[in-house]
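Participant: model this:
(one chain, ligands or ions: 1)
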Amino acid sequence: VNKFSFKDRSKNLKKIKSDFYDIVVVGGGITGAGVAREASLRGFKVCLVEKSDFSTGASSKSSKLAHGGLRYLENFEFDLVAEALNERQHLLRMATHMVRPLSFLVPIYKGDRVGWWKMKAGMLLYDLLCAFRAPKLHTSLNPKKVESSNSNLKTEGLKGGFVYYDAYMDDDRLVVETLRSVSDKIDVASYCEVKEVKSSADKKDKAEKDEALKGVELSCYDSIEDEEFKIKAKHLISCVGPWTDTFGKIIDDSWKDKMRPSKGIHLCVKKSLLGLETAMVMAADKSKRILFCIPRKDFDIVGTTDTDYNEDLDTVRSNDDDVSYVKKVLSEYFPKIDIKDGDILSTYAGVRPLIHDGSSNESKVSRNHRVFNVDEKPITFISGGKYTTYLSMAIHAVDKAVNSNKKLLSSAENIKAKRRKLFVGINTKENQKLALVKIKSLNLDWSTDSINDFVDNHGAQSYSFITENLDKTYLQTEASVAIEHYCCGHLLDFYERRTSWSLSRRFTDEKNIKEVGLEFKNQLGWSENFLNQEIENLQAFLRS
Ligand SMILES: Cc1cc2nc3c(=O)[nH]c(=O)nc-3n(C[C@H](O)[C@H](O)[C@H](O)COP(=O)(O)OP(=O)(O)OC[C@H]3O[C@@H](n4cnc5c(N)ncnc54)[C@H](O)[C@@H]3O)c2cc1C
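Facilitator: Okay, the predicted model is just below:
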């Protein structure tokens with residue numbers, strides 16, 4: 001099991017500043033993580049820089065579903081759905097503690113835009129497109145069965161329903177796990193923003209080109225050390241998702257906008273509110289949208305919206321209109337429930353990196369990804385796509401880079417990565433069970449819930465994580481593991497992305513935050529002032 005420690009940041013940066021890389025990856029969301037992994041497994045020398053924490057962008061703001069996307073069937077995007085369903089199966093096998101099967105109830109009402117038979121055809125097609133390899137195949141339910149599956153549901157006009165299967169995941173953690181799976185091969189630094197890019201193709205004259213740097217030179221800003229530095233590489237792969245047009249303009253003065261960013265928000269509600277036993281699909285009134293209610297361990301997620309977004313990508317937030325829209329759809333499906341402000345634990349908002357395809361409205365924009373080069377420059381962009389398809393997107397991006405820069409990238413082995421091996425071997429269900437048995441034999445002073453949560457969070461690695469931290473409480477151990485193995489350097493990153501406690505508001509009282517904070521202080525050598533500032537930042541975020 002690779003370590004991926006925040007304590008190695010300075011060491012990594014020292015290398016990043018002095019080495020010459022085959023490929024530099026910009027952006028530490030799921031696309032960048034997948035590309036860096038793919039490239040390094042093919043034998044290339046790789047580094048990755050991310051301007052904030054890993055998965056700060058869309059990759060921690062998704063609906064957290066590894067799915068084919070039932071609704072894209074209506075747009076006839078069968079190839080996209082089939083590819084995503086295929087990738088869902090790989091993820092289910094590869095990351096058993098982060099990607100898990102989930103059943104979805106689809107109630108059908110009289111007058112619904114998608115009626116019984118059309119939905120039935122969709123269900124059949126969904127099973128067919130994954131070659132009947134879903135966790136389970138769909139079933140039809142009569143109205144009584146739908147009613148009994150959730151007593152809060154609207155019953156008026158109920159014609160019956162369907163149950164089908166997809167998967168849910170920890171989007172933020174999977175990014176870090178993907179990077180960790182190759183952390184012994186690549187050099188990575190978060191909190192480093194690429195501000196400027198020079199490339200060999202910038203020189204006009206051929207002789208001058210040959211003399212000039214081979215590849216790219218990036219000027220970066222390290223916001224933790226407050227210093228600038230340079231990275232040199234033969235090729236750059238941009239994985240900046242929604243920031244593609246912003247980054248494109250840094251690279252190319254004549255850049256033409258390619259993106260149609262679309263905002264989506266989610267509400268995290270108390271578990272007791274909806275009484276969900278399965279996930280649920282809700283059709284938003286008369287529009288072609290569907291929203292999900294998704295049960296998580298200690299809260300339920302409801303979302304999402306889909307609205308064009310042209311504001312600041314670094315400060316995207318849900319507003320009153322977004323929240324009212326989701327609440328309205330919920331009230332239509334759960335008319336007996338009176339949703340009070342206190343039932344909503346938190347909200348989160350993200351921007352989809354969609355490629356502009358001229359669609360009449362944002363919901364119709366294709367979720368396909370695009371890979372392209374910038375003129376003659378040794379620079380490849382990948383954008384768009386879905387989280388679920390990140391491994392196959394990575395293959396396309398690295399193929400494009402290699403094929404367009406044969407002169408510089410021919411030295412590496414360029415062997416197609418054994419991508420199916422990501423977490424296999426450490427996270428089988430048997431391994432997880434064994435870890436639980438071994439942890440119980442340690443007679444820890446932890447509650448049963450904490451032990452179960454820990455194994456749930458870390459899978460088969462939980463036992464070795466605990467033995468590294470034997471004298472610690474549950475909270476101290478989670479914090480220590482996040483620092484050492486999930487490259488976490490800030491309290492907010494820990495609460496927002498290494499755990500989902502800022503969403504569920506678990507362990508967010510002052511005493512718990514202090515306990516976690518002290519572990520960070522001890523491990524990372526923070527001053528008392530710095531700790532207080534970190535606590536203040538986290539509390540301000542929780543209040544916002
Ligand atoms: C509301 C919503 C719901 C979704 N639901 C699902 C779902 O259920 N299932 C699914 O499969 N997909 C879903 N998606 C889509 C999925 O989340 C995205 O396609 C995916 O996360 C995009 O990943 P990315 O790495 O390309 O972009 P991002 O995750 O946004 O990563 C880009 C990174 O680049 C960094 N960056 C930008 N500029 C620079 C720079 N100059 N220097 C260094 N770093 C830089 C950013 O900080 C960011 O971390 C959803 C998306 C949204 C918004």
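
Participant: what about the strands in the stretch 351-500 of the chain?
Facilitator: Ranges of strands in the stretch 351-500 of the chain, per DSSP state E, counting those that start in this stretch, are 369-373, 379-384.

Participant: and stretch 161-171, how far out from the chain's middle?
Facilitator: 16 Å (Cα atoms, centre = their mean, to the nearest Å).

Participant: so that stretch, near the ligand or not?
Facilitator: No - using Cβ under 6 Å from any ligand atom, stretch 161-171 stays clear of the ligand, coming no nearer than 6.6 Å. Heads up, the C-betas are built off the backbone N, CA and C, glycines and all.

Participant: extract the C-alpha set from that stretch and format it as PDB.
Facilitator: What follows is stretch 161-171, C-alpha atoms only, in PDB (Å, rounded to 0.1, in the frame of the first residue of the first chain):
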ATOM      1  CA  GLY A 161     -42.900   1.800 -10.700                       C
ATOM      2  CA  PHE A 162     -39.500   0.100 -11.400                       C
ATOM      3  CA  VAL A 163     -36.400  -0.700  -9.400                       C
ATOM      4  CA  TYR A 164     -33.100  -0.700 -11.200                       C
ATOM      5  CA  TYR A 165     -29.500  -0.800 -10.000                       C
ATOM      6  CA  ASP A 166     -26.500   1.600 -10.400                       C
ATOM      7  CA  ALA A 167     -23.700   2.500  -7.900                       C
ATOM      8  CA  TYR A 168     -22.800   5.200  -5.500                       C
ATOM      9  CA  MET A 169     -19.300   6.300  -4.600                       C
ATOM     10  CA  ASP A 170     -17.100   8.700  -2.600                       C
ATOM     11  CA  ASP A 171     -16.100  11.000  -5.400                       C
END
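
Participant: so which of the strands of the stretch 351-500 of the chain is nearest the ligand?
Facilitator: strand 379-384 (6.4 Å; Cβ to the nearest ligand atom).

Participant: in the protein, where is pLDDT below threshold?
Facilitator: Along the chain, segments meeting pLDDT under 70 span 1, 203-213, 285-287, 363, 411-427.

Participant: CA atoms only for stretch 317-326, dumped as PDB, please.
Facilitator: Provided in PDB are the C-alpha atoms of stretch 317-326 (Å, rounded to 0.1, in the frame of the first residue of the first chain):
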ATOM      1  CA  ARG A 317     -22.600  28.400  -4.400                       C
ATOM      2  CA  SER A 318     -26.200  27.300  -4.300                       C
ATOM      3  CA  ASN A 319     -28.600  30.300  -4.100                       C
ATOM      4  CA  ASP A 320     -32.200  30.500  -2.800                       C
ATOM      5  CA  ASP A 321     -33.600  29.800  -6.300                       C
ATOM      6  CA  ASP A 322     -31.600  26.500  -6.600                       C
ATOM      7  CA  VAL A 323     -32.700  25.400  -3.100                       C
ATOM      8  CA  SER A 324     -36.400  26.300  -3.700                       C
ATOM      9  CA  TYR A 325     -36.400  24.400  -7.000                       C
ATOM     10  CA  VAL A 326     -35.100  21.200  -5.400                       C
END
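
Participant: of the strands of the stretch 351-500 of the chain, flag the one that's most buried.
Facilitator: strand 379-384 (a mean of 26; mean count of other Cβ atoms under 10 Å).

Participant: helices and strands around it, which ones?
Facilitator: helix 30-41, strand 227-238, helix 244-251, strand 369-373, helix 390-404 (3 or more Cβ pairs under 8 Å, 6 or more residues apart in numbering; DSSP states H and E).

Participant: most tightly packed of these?
Facilitator: Greatest burial across the helices and strands packed on strand 379-384, using mean count of other Cβ under 10 Å, falls to helix 30-41, with a mean of 30.

Participant: centre of the chain to that helix, how far?
Facilitator: 14 Å.

Participant: is the ligand contacted by that helix?
Facilitator: Yes - on the criterion Cβ under 6 Å from any ligand atom, helix 30-41 is in touch with the ligand at Ile30, Thr31, Gly32.

Participant: could you redo these as CSV and give each row distance to Asp172?
Facilitator: Shown next, in CSV, are these (distance: Cβ to Cβ, whole Å):
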residue, distance to Asp172
Ile30, 9
Thr31, 14
Gly32, 14
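
Participant: closest one of those to Asp509?
Facilitator: Using Cβ to Cβ, Ile30 comes nearest to Asp509 of the residues of helix 30-41 next to the ligand, at 31.8 Å.

Participant: tell me which residue in the stretch 401-544 of the chain sits closest to the ligand.
Facilitator: Nearest residue of the stretch 401-544 of the chain to the ligand (Cβ to the nearest ligand atom) works out as Arg497 at 10.5 Å.
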